[in-house]
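Okay, predicted coordinates and the sequence, questions at the end:
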Amino acid sequence: MKKIVLITGGQRSGKSSKAEELALQLSDNPVYLATAHIWDEEFRERVRRHQERRGPQWTNIEEELYLSKHDLTGRVVVIDCVTLWLTNFISIEHGTLNIDHCLARAKAEFDAFTAHDATYIFVTNEIGSGGVSDNALQRRFTDLQGWMNQYIAQKADEVILMVSGIAWKVKNEE
């Protein structure tokens, strides 16, 4: 049975750890779908440490943009994270941000990916809780992120907000 879980919160709030914990409760061999683009050596090392921490029971897939290329029917999959995934949409647009275009593409890709019968655990950042940035690109990205988070939350069966390592169930349709 298809299930979508969204785990949101601030940076270092425990989102990824919670997603991994939930995935391991549901499957002995979950999938970790990483959306990050490796920008530099520091980030490459960070990714390596994360992979090592997860261990051999995980199937690791790296996919920066086209999640729907991967048919994960019947699997439990952690998608980490929506924020980096949306950043990749902007990068493909060569630094220009047409919010409507990026949002439409992200929604279409999300819908195609989640059309299969699987358990999807999406990790995302709650970046709109702080002050308003003086940078126009950052303000537009915050809008894009917020609208995509709303879209996923609307489709989700469960939404969890992480605050300082504590999980708060915001939505539960069980």
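Noted; the coordinates are in hand. In this text, all values refer to a predicted model and were calculated from it rather than measured experimentally. Residues are numbered from 1 along each chain as shown.

Who are the packing partners of the helix or strand bottoming out on mean pLDDT in the chain?
Every helix and strand in the chain was compared by mean pLDDT, DSSP states H and E; the lowest is helix 41-54, with a mean of 84. Secondary structure elements in contact with helix 41-54, counted by 3 or more CB pairs under 8 Å, 6 or more residues apart in numbering; DSSP states H and E, are strand 31-34. C-beta coordinates here come from the backbone N, C-alpha and C atoms, glycine included.

Convert the C-alpha atoms of the strand it packs on to PDB, please.
Extracted C-alpha coordinates of strand 31-34, given in PDB (Å, rounded to 0.1, in the frame of the first residue of the first chain):
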ATOM      1  CA  VAL A  31      16.500   2.600   0.100                       C
ATOM      2  CA  TYR A  32      18.200   5.900   0.600                       C
ATOM      3  CA  LEU A  33      17.700   8.200  -2.400                       C
ATOM      4  CA  ALA A  34      20.100  11.100  -2.000                       C
END
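
Off-centre distance for that strand?
Between the centre of strand 31-34 and the centre of its host chain there is 10 Å, according to CA atoms, centre = their mean, to the nearest Å.

buried stuff in whichever helix or strand comes after the least confident helix or strand of the chain?
As assigned by DSSP states H and E, the chain's next helix or strand after helix 41-54 is strand 59-62. Neighbour counts over strand 59-62 (16 or more other CB atoms under 10 Å) mark Ile61 as buried.

What strands line up against strand 59-62, and which way round?
Using DSSP bridges, the strands paired with strand 59-62 are strand 31-34 (parallel).

Go ahead and name everything in contact with the partner strand.
The contact list for strand 31-34 (CB atoms under 8 Å, 6 or more residues apart in numbering) reads 20, 23, 47, 50-51, 54, 58-63, 67, 70, 72, 75-80.

Just to be sure, Val132 is in a helix?
No: under DSSP: H, G, I helix; E, B strand; the rest coil, Val132 falls outside any helix and is assigned coil.

show me what contacts it?
With contact set as CB under 8 Å, 6+ apart, Val132 has these partners: Arg139.

looking at it, Arg75 is touching Thr119, isn't it?
Yes: using CB atoms under 8 Å, Arg75 is in contact with Thr119, at 7.4 Å.

which neighbours do the two share?
Applying CB under 8 Å, 6+ apart, one finds that Arg75 and Thr119 are jointly contacted by Ser27.
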